[in-house]
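Peer 1: got a sequence here, can you model it:
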Amino acid sequence: MTNEELLEEVKIGLTEDNNDNDGTLRIKTIGTKQYMLGAGVSQEIIETELGITTLTIGVNDVWNLESGVLKFSPLFNTLLIQLAIKSLPNI
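Peer 2: All right, here's what the predicted structure looks like:
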């Protein structure tokens, strides 16, 4: 799934019309996706329904940042851990 396709999925998950905010939303979507990849979530898992839900929650968490403050919600972190575990190779 491309970043543009992920952006469209995130926009669907947010309650307000965000067409005027595509640039900002794109940056936050890509940043959150990269954070998830860095945490060990595979690209394939990010593209699942739960992965897109988690990505949307993460983007929502960083939507209204205060200067110098970034905090993902406990729900995002819990789902991120679950997705990272699902991404581990079967042993």
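Peer 1: what residue lies at the spatial centre of this protein?
Peer 2: Leu55 (1.9 Å; C-alpha atoms, centre = their mean).
Peer 1: longest helix of the chain?
Peer 2: helix 22-38 (DSSP state H).
Peer 1: by contact count, what packs against that helix?
Peer 2: Using 3 or more C-beta pairs under 8 Å, 6 or more residues apart in numbering; DSSP states H and E, the elements in contact with helix 22-38 are helix 3-13, helix 43-46, helix 49-61. Placement of C-beta: from N, CA and C, glycine included.
Peer 1: swap in 10 Å and give it another go.
Peer 2: The elements that helix 22-38 packs onto, with contact taken as 3 or more C-beta pairs under 10 Å, 6 or more residues apart in numbering; DSSP states H and E, are helix 3-13, helix 43-46, helix 49-61, helix 74-87.
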